[in-house]
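A.B. asks: sharing a model that was predicted from the sequence below.
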Amino acid sequence: MSRVGKMPVAITTGVEVSIKEDQISVKGAGGTLSLAQNVLVKISNKDGLLSFEPANDSREANAMSGTLRQLVNNMVNGVSKGFEKKLSLVGVGYKAAAQGASLTLTVGYSHPVVMKMPAGIAVATPTPTEVVIKGADRQRVGQIAAEIRAVRPPEPYKGKGIRYADEKITIKETKKK
């Protein structure tokens, strides 16, 4: 059995988990998240601990038990604490401004790039060269961060562009004559 799938998920205080035959719902201070339940995995709730068992001895059921366990764990952590990604803008004149549910990026194009944020995702700019994306759904927070980074990915010669805060860019050497 999957090592990850063997570990139970602890339900923190203030989080409600409802298991139905077709979906799993997690409700907390950060919102409500739901996930389609897989027929290859049996889920049981015992004294605030969710355990995930493969429904049969197949390799797919074993793998899916660990996958589903981690997805539910991310949902529990998301509605209780939330997830965040930090991006930094590197380049002369590069800046970002958040206004409500939209983010305006000035990153060297002839026009500013305006991005609308979906419901459940909050964006903030503590400084003009930093962007912080917060939300309860880990996958959506990472996807929005990747879409913002794709507007101007870091280039390898000067390092200019939008990068994750913890990302290291290897600078290439220019061509010699």
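C.D. replies: Yep, that arrived.
A.B. asks: please make it C-alpha for all contacts and neighbour counts, starting now.
C.D. replies: OK.
A.B. asks: and the strands in the protein?
C.D. replies: 9-10, 16-19, 23-28, 31-36, 41-46, 49-54, 83-90, 95-99, 102-106, 113-116, 121-124, 130-135, 161-164 (DSSP state E).
A.B. asks: so who does residue 148 touch?
C.D. replies: Residue 148 sits next to residue 162 when contact means CA atoms under 8 Å, 6 or more residues apart in numbering.
A.B. asks: before we move on, the earlier item: could the strands of the chain go into a markdown table alongside mean pLDDT and mean neighbour count?
C.D. replies: Conversion of those to a markdown table gives the following (pLDDT from 0 to 100; neighbours: other CA atoms under 10 Å):
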| stretch | mean pLDDT | mean neighbour count |
| --- | --- | --- |
| strand 9-10 | 92 | 18 |
| strand 16-19 | 92 | 16 |
| strand 23-28 | 93 | 18 |
| strand 31-36 | 94 | 16 |
| strand 41-46 | 91 | 17 |
| strand 49-54 | 92 | 20 |
| strand 83-90 | 96 | 20 |
| strand 95-99 | 95 | 19 |
| strand 102-106 | 95 | 19 |
| strand 113-116 | 96 | 15 |
| strand 121-124 | 94 | 20 |
| strand 130-135 | 96 | 22 |
| strand 161-164 | 96 | 23 |
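A.B. asks: I'd like the ones you listed laid out as TSV, including distance to residue 147.
C.D. replies: Output for the strands of the chain, formatted as TSV (distance: least, CA to CA, whole Å):
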stretch	distance to residue 147
strand 9-10	31
strand 16-19	31
strand 23-28	26
strand 31-36	22
strand 41-46	33
strand 49-54	33
strand 83-90	11
strand 95-99	14
strand 102-106	12
strand 113-116	9
strand 121-124	13
strand 130-135	12
strand 161-164	10
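A.B. asks: now the residue positioned nearest the centre of the chain. Nearest residue, chain neighbours left out?
C.D. replies: Nearest to the geometric centre of the chain sits residue 138, at 2.8 Å (CA atoms, centre = their mean). Nearest residue to residue 138, sequence neighbours excluded (CA to CA, 6 or more residues apart in numbering): residue 83, at 6.0 Å.
A.B. asks: now that neighbour: how far from residue 3?
C.D. replies: Remark: distance between residue 83 and residue 3 (CA to CA, to the nearest Å) = 24 Å.
A.B. asks: which one of the strands of the chain lies closest to residue 69?
C.D. replies: Among the strands of the chain, the nearest to residue 69 by CA to CA is strand 49-54 (6.3 Å).
A.B. asks: count of neighbours near residue 159?
C.D. replies: 17 (other CA atoms under 10 Å).
A.B. asks: many thanks, I have nothing further to ask.
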